Structure formats: structure tokens, C-alpha cells
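K.L.:
this one's structure only:
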């Protein structure tokens, strides 16, 4: 039986987007991310991260550095009683990639490759799932994959096409909107 998931972009949703974050000391969690994830888990939704990581393709940091930071991040989430069920990343860039990373990959958002792989590997119902992103490419990837609810998280007003289903400025507000207390 398929189940809905909470898909999260990393930089700008889970952590502050400081451009090509790859060191623990530069990784600052966004306020409200743990509450959002705990509430999604309580609703039976796996937490799946889908993130473009063009910094790898540009040569700014290695895949090993990305994996090391991801392991630290997963452990930190666990200390906050949150299980990350999967991390999918795309190190490629069609223009600025170097060497083997200069690829127009189906995984690079706004293409839906990462989402489709996660759906297959975790038996997910994309039509009932939610994707939270901070860029137009995230919302377009949600649309391209057939995700039921796309959320644009932005502290600044933004217009993107296609338009998100929900626009929020706070993950705390989003948590209450998606998973209101019922009693």
C-alpha cells in the first residue's frame, strides 16, 4: 500500500541557504523544521530530502563531503526524534558542471527523477504527498512529478511558475496549516 510523504528541499528549507553549504559549522537549521517533521511522522509520512547539489559538480566540494554532512544532519535529526527516510541528491549541472558532472540529468530539479526514484523505493503516493521548497525549480519539480501539494517557503515575496499550492513565510505556520491539532 502506497503512502504519502513529506518531501523537503535541503538548502533554504532544512538549513539556511548560505550558498553551497558543505561544512557543519555553516549548517544552521531553519526554525520550525523539527516540529514540521515530527508532525509529518505522526501522520505516518516518511521524510524524504531531494536536493540539487551543484556545488559538487562545480568542484566546490566533494561527494564525500556531502555524505559526511548528510550523516551528521541525519544524526542531528535523530536527536530531535525525527527519522529521515531518504536523501536523494543531484550533483550534476548541465552548464557549470566540471568533467563527469557536466550532465543534463533527469534528477536535477525541476526534473522529477529524484522524486520518482524515492517514490519507487519507498512505495509513495505522490498525489497525496507534499513537497516544501524555496525555489521555482522545487515547485516545478513537484508539479512535474504529480505531487499533490507544493509549498513555497520564502521569507521574501516571490512569484513562481507554476504557482505553488501554498506560500508560507514560516515553517511553524506551515506545520499548523498541514497538520492542525485535532484535540
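P.N.:
Perfect, thanks for sending it. Source: prediction; values computed, not measured.
K.L.:
Walking through this protein, point out its strands one by one.
P.N.:
Counting by DSSP state E, the chain has strands at residues 6-8, 47-52, 86-90, 130-133, 149-153, 166-168.
K.L.:
So in the protein, which helix runs the longest?
P.N.:
Secondary structure of the chain per DSSP state H: the longest helix is helix 63-79.
K.L.:
Which elements pack onto it?
P.N.:
For helix 63-79, the packing partners by 3 or more C-beta pairs under 8 Å, 6 or more residues apart in numbering; DSSP states H and E come out as strand 86-90. All C-beta atoms are positioned from the backbone trio N, CA, C, and that covers glycine.
K.L.:
can you give me the angle the strand it packs on makes with helix 63-79?
P.N.:
Taking axes from the mean of the first three to the mean of the last three C-alpha atoms, to 10 degrees, one finds strand 86-90 and helix 63-79 inclined to each other by 150 degrees.
K.L.:
Listing partners with orientation, what would you give for strand 86-90?
P.N.:
strand 47-52 (parallel) (DSSP bridges).
K.L.:
Tell me how many other residues surround residue 94.
P.N.:
13 (other C-beta atoms under 10 Å).
K.L.:
related to what we said a few turns ago, list the buried residues of the longest helix of the chain.
P.N.:
Buried residues in helix 63-79, counted by 16 or more other C-beta atoms under 10 Å: 66, 69, 70, 73, 77.
K.L.:
and what of stretch 28-39?
P.N.:
For stretch 28-39, by 16+ other C-beta under 10 Å, it's 30, 32, 33, 34, 35, 36, 37, 38, 39.
K.L.:
from the residues you listed, which is closest to residue 164?
P.N.:
Checking the buried residues of stretch 28-39 against residue 164 with C-beta to C-beta, the nearest one is residue 36 at 15.9 Å.
K.L.:
Could you pull up the contacting residues of the residue most central in space within the chain?
P.N.:
The centre of the chain sits closest to residue 9, judged by C-alpha atoms, centre = their mean, with a distance of 1.8 Å. Contacts of residue 9 were listed using C-beta atoms under 8 Å, 6 or more residues apart in numbering, and they are 49, 50, 51, 109, 131, 132, 133, 134, 135, 138.
K.L.:
let's see 6 Å
P.N.:
Counting by C-beta atoms under 6 Å, 6 or more residues apart in numbering, residue 9 touches 51, 133, 138.
K.L.:
how many neighbours does the second one have?
P.N.:
Residue crowding around residue 133 was assessed by other C-beta under 10 Å; the count is 28.
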